[in-house]
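Participant: Sequence and predicted structure below; questions after.
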2 protein chains.
Amino acid sequence: MTSSDIATLAQQLRVDSVRAADAAGSGHPTSSLSAADLMAVLLGRHLRYDFERPDHPGNDRFILSKGHASPLLYAAYKAAGALTDEELLTFRKEGSRLQGHPTPTALPWVETATGSLGQGLPVGVGIALSGKRLERVPYRTWVLCGDSELAEGSIWEAAEHAGYEHLDNLTVIVDVNRLGQRGPTRHEWHLNAYADRFKAFGWHAVEVDGHDVDAIDRAFQEAASTAGQPTVVLARTLKGKGVAAVENREGQHGKPLPDAAEAIAELGGEHRVHVEVREPAAARPPHAEGTGHFDLPRSETGDKVATRGAYGRALTALGTARGDVVAIDGEVGDSTRAEWFAKEHPERYFECYIAEQQLVATAVGMAARGWVPYAATFAAFLTRAYDFVRMAAVSGAGINLVGSHAGVAIGQDGPSQMGLEDLAAFRAVHGSTVLYPCDAHQTGRLVEAMADLEGVRYLRTSRGDTPVIYGPGEEFPVGGSKVLRSSDADRLTVVAAGVTVHEALAAAELLAAEDIPVRVIDLYSVKPVDRRTLREAAERTGCLITVEDHREEGGIGDAVMDAFTDGSPVPRLVRLAVRTMPGSASPEEQLRAAGIDAQSIAAAARLLVEQGVVR
Amino acid sequence: MTSSDIATLAQQLRVDSVRAADAAGSGHPTSSLSAADLMAVLLGRHLRYDFERPDHPGNDRFILSKGHASPLLYAAYKAAGALTDEELLTFRKEGSRLQGHPTPTALPWVETATGSLGQGLPVGVGIALSGKRLERVPYRTWVLCGDSELAEGSIWEAAEHAGYEHLDNLTVIVDVNRLGQRGPTRHEWHLNAYADRFKAFGWHAVEVDGHDVDAIDRAFQEAASTAGQPTVVLARTLKGKGVAAVENREGQHGKPLPDAAEAIAELGGEHRVHVEVREPAAARPPHAEGTGHFDLPRSETGDKVATRGAYGRALTALGTARGDVVAIDGEVGDSTRAEWFAKEHPERYFECYIAEQQLVATAVGMAARGWVPYAATFAAFLTRAYDFVRMAAVSGAGINLVGSHAGVAIGQDGPSQMGLEDLAAFRAVHGSTVLYPCDAHQTGRLVEAMADLEGVRYLRTSRGDTPVIYGPGEEFPVGGSKVLRSSDADRLTVVAAGVTVHEALAAAELLAAEDIPVRVIDLYSVKPVDRRTLREAAERTGCLITVEDHREEGGIGDAVMDAFTDGSPVPRLVRLAVRTMPGSASPEEQLRAAGIDAQSIAAAARLLVEQGVVR
């Protein structure tokens, strides 16, 4: 396309952005107008993409990190022939694919859901890493950021990672329109402030007038020809560019233009430019080799094995079975035991250093490219990336997250290292699966099963050794549970998971000696829960004691209720959970102090018997 | 102290670090040894601190961001005469104040709990901001970071904020010992890599041999005399310095030395240096002016007012009543309505731009300095700072967090902007309070009440206007609820909060017309819950329907159970909550699609009647 055609395309993108927001009665046209020339040059001259084959392995990848500028994205899709004008005007209406912020669950050309600022670049880094180190396909990942979102630390985590990994297949375009939501940004139009920062992190930086299509074109060429480092194109733009009523004015963020018809006229009226987007490079999909057979690592019954170790061994075996499995870790691979995978499959191991947001974003990016990522760190530190997990669910990303060192059972290190809120956080994520194994074989089977589930999958592992109680042939369906002890005489049921399963079994022994038979359920699948087994236990024993190495709120105690919230009768319930702030102490002391050890469970059961609460 | 004395002190700190970890059988002596010279120079020559008066307003503030090097910190406290040798050797034992990672709940000289890396600096920025802009006291904030944690984006969020605010009262010391937990860091001993990054963010950077006490002394002097910008002292050190068996070796992270006696001998044996720490500057505590009277902003009953607007008005009034209230916002003050406070009390308003980790860290830092901070952004984006909230609870920090734009009721913007996991996340935080008002007066009263609570307080506000249903004189005790409709004939109880209160009231009207009287409870205090009222409703009506603009897990449905988990009879329960991934749609369409509008509540009630589940 000629420069003149590009300029016309840019005006069309502006007009369509204005029209879409006007039809919706909401949206962010001014944030779209500032970036229209950038998008026109990208679409008309640089992007290599087959809109009819969004899964083409050679397609470039485009991420609108400033997701609120969705009208611009949808206008570009229309210009490329992927959307009709009619659909464009469904923007932000119920049932439309054109949501306020783009998401891949609605549109096949969207790589990842955006709208929480500062996430597009980290996910783009994950995709670019896949392109460079796994797929080895010469597609380019383009990320369009706003200037406001450069305040997010996650941007600099990603910048550090991309610079360190020499991701020259990644180009970030920053639409520096100077105005955030409520006023000017910190650095306004000081492009050099941003350039200095990116350069310090090992990037090539180009400053450009974001409304000069030839200059933009040269900048994108420079980015593509820069070897050994990622490039950032810092573009000085005007928010609301082209419409005098809003151009470069405060107080015009996130609302339709005051007079759309006048704005459209000012922008030169409607155009009908159709863009022939460049063909993607010929590329073969990556070849995922593997034996096809998962060989469960075996232990002897009664051996003491930490579930984190079982994770490391199982993941390594799964990596042998499946060529599409990748492992990601946050500089704690010797603790999470992911390092065992690294030794066996170094080409599929990704070290993210102590940067949990980038850890999860890398997983999301790799899942977008078809890999099956397992990302691990301490359960406590996954809270650092909770917004990324939330957005992964919006994306419909299939990722496996593994939190080790769960609960007070870690012992001396104290509360900063204890995952005590993780079950609550992960249960609340839409479409998530939450698994919490108590022994090595169970861990191995769950690691295998996770790979093929939908959505966000979370596995909680423990630091300390626990006895192997299941044989290697045992099956552990997701949504199931195991009844470890039961009799017709059971007076109540203890529901446990992870370390507390072993405490519950010991408590049951103590109580049996006192002629108080109790049922014990291993609730390894915290979400979804095994409604049938829990209901049966409720009917037979009338009372459930839940015991968990987690806060009282949102964990196993609450998960059990998922079996009883349809109006059916609810059993009596007693919760044993971590109710105080732990200090340093041995694992045994911690369990006792929290009141979740065998003695505490037995004491609670005894009290219920004495009170006549149970039969 | 002479340089020779400082060197002896450093060896003593090393020996005591080795002894403490040896006595504990765990801990991080090698990470302590690398920073011992830095700590000795700081303690012996620069820190101004009265250990007998940790609340002295002129005290410098020291934060051990690399909290795992706690043996070094405790050794320093001992050298200053604040701890006995006997107590030093209780390190990491049950009941000891000397926890694995330092926390202010145990020791009065600790400013903030650390142990989750990358948090000490952001909190230090909050303290330095307080010193410079609120207290105007010339204390210095010193933060000792590890090199590994510089991979955390939160470090660069904080660096950006400190540079922008010209915090020349802040000095960061980085112990660049080259080795992380599982191996070398990204930049090993390339101090210039870190210097370039900090300089790009507006800092003064000094590189130094971290084992040369005179060079360290000069660097700290340079930091103190640098005006207009914060300083980072980048110190090249050896992990395990002074003990050949571990010095600069991989695989020696986080464990006692193999032979403590030999190490102590190698370090020159035990010393008994007592440090006379410099006196703090004479300073007056900041004067907190205020009228002392909170004048609740009034609305007319039936007026439609958004609770986010009520927050903005109430906070502004509270700022007038109390001089210790400060407001912090994440570049969305026009949405959270915190900007109204900014107009009235600009000197107590802090703009953190789009950096939610720094937003919460600023609140934690200001709370540590005695202020009552209210930090606001969209509820969805507070998830970005969940690890900071978790650690705030470990610190025992009294902070108010306000999440606006809760739930699907925001409408067209879609799921990326909807807080749908926030109640689950905040309920699981130890010692937290979770409040969710439905009208303007209730919001105002809760904003007032929050100020004086302990721990993390969370207020959830809504975007859209809702009718004012309570009079200005109504009281809303934390832990209470309001029964909005009841009769002896009630067949079930609807428990709602926030926007769903109004849906529940409308449903009750519909049902009343069908001769199905229902009780309606406004559960504005989600944690703690009003056990008495919920139990009474359960006894009288036998069945509770919870309805919430939140995910099914961890929210109001689970909170209600907190009233019934002591083994007492549990009513039948039905949960209405957001079970799908919303797209864009109007607020009314969203509530309907989620099945939490009045019609859905009425339909659920009717079904329970038809099924004979309720009386």
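Facilitator: Cool, got the structure.
Participant: for the stretch 401-550 of chain A, which spans come out with low pLDDT?
Facilitator: Of all residues in the stretch 401-550 of chain A, none has pLDDT under 70.
Participant: all helices of it, in order?
Facilitator: Under the criterion DSSP state H, counting those that start in this stretch, the stretch 401-550 of chain A contains helices at A:422-427, A:440-450, A:499-513, A:531-541.
Participant: Point out the other helices and strands that the third one packs with.
Facilitator: Contacts of helix A:499-513 with other secondary structure elements, assessed using 3 or more CB pairs under 8 Å, 6 or more residues apart in numbering or on different chains; DSSP states H and E, are made with strand A:465-467, strand A:482-485, strand A:492-496, strand A:518-522, strand A:543-551, helix A:598-610. Where you see a C-beta, it was placed from the backbone N, CA and C, and this is true even at glycine.
Participant: The last one now?
Facilitator: With contacts taken as 3+ CB pairs under 8 Å, 6+ apart, helix A:531-541 sits against strand A:492-496, strand A:518-522, strand A:543-551.
Participant: Hey, what's the angle from that helix to strand A:518-522? Just curious.
Facilitator: Here helix A:531-541 runs at an angle of 170 degrees relative to strand A:518-522 (axes from the mean of the first three to the mean of the last three CA atoms, to 10 degrees).
Participant: Next, the angle from helix A:531-541 to strand A:543-551.
Facilitator: Going by the same axes, to 10 degrees, helix A:531-541 makes 130 degrees with strand A:543-551.
Participant: Distance from the chain centre to helix A:531-541, please.
Facilitator: 34 Å (CA atoms, centre = their mean, to the nearest Å).
Participant: What of the second one?
Facilitator: In terms of CA atoms, centre = their mean, the centre of helix A:440-450 is set 21 Å apart from its chain centre.
Participant: Please convert the helices and strands packed on helix A:499-513 to JSON lines, extending it with mean neighbour count.
Facilitator: Below are the helices and strands packed on helix A:499-513 laid out as JSON lines (neighbours: other CB atoms under 10 Å in any protein chain shown):
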{"stretch": "strand A:465-467", "mean neighbour count": "17"}
{"stretch": "strand A:482-485", "mean neighbour count": "18"}
{"stretch": "strand A:492-496", "mean neighbour count": "29"}
{"stretch": "strand A:518-522", "mean neighbour count": "26"}
{"stretch": "strand A:543-551", "mean neighbour count": "28"}
{"stretch": "helix A:598-610", "mean neighbour count": "18"}
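Participant: nearest to chain B, of the helices and strands packed on helix A:531-541?
Facilitator: Checking these against chain B by CB to the nearest CB gives strand A:543-551 as the closest, at 4.6 Å.
Participant: Retrieve the pLDDT associated with A:A219.
Facilitator: The model reports A:A219 with a pLDDT of 98.
Participant: just checking, it touches A:V233?
Facilitator: Yes. At 4.6 Å, A:A219 counts as touching A:V233 under the criterion of CB atoms under 8 Å.
Participant: which residues do these two both contact?
Facilitator: Listed as contacting both A:A219 and A:V233 by CB atoms under 8 Å, 6 or more residues apart in numbering or on different chains are A:V206, A:V208.
Participant: In three-state terms, label A:A205 for me.
Facilitator: At A:A205 the chain is in strand, as set by DSSP: H, G, I helix; E, B strand; the rest coil.
Participant: Over to the one 3 residues further on?
Facilitator: When classified by three-state DSSP, A:V208 comes out as strand.
Participant: same thing with the one 3 residues further on?
Facilitator: When states are read from three-state DSSP, the local structure at A:H211 comes out as coil.
Participant: any idea how far the residue of the stretch 1-150 of chain A found nearest chain B is from A:G228?
Facilitator: Residue of the stretch 1-150 of chain A nearest chain B, by CB to the nearest CB: A:G115 (2.6 Å). A:G115 sits 33 Å away from A:G228, taking CB to CB, to the nearest Å as the criterion.
Participant: Throw the helices of the stretch 401-550 of chain A into JSON lines and include distance to A:A367 and mean neighbour count, thanks.
Facilitator: Shown next, in JSON lines, are the helices of the stretch 401-550 of chain A (distance: least, CB to CB, whole Å; neighbours: other CB atoms under 10 Å in any protein chain shown):
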{"stretch": "helix A:422-427", "distance to A:A367": "17", "mean neighbour count": "30"}
{"stretch": "helix A:440-450", "distance to A:A367": "12", "mean neighbour count": "26"}
{"stretch": "helix A:499-513", "distance to A:A367": "30", "mean neighbour count": "22"}
{"stretch": "helix A:531-541", "distance to A:A367": "29", "mean neighbour count": "18"}
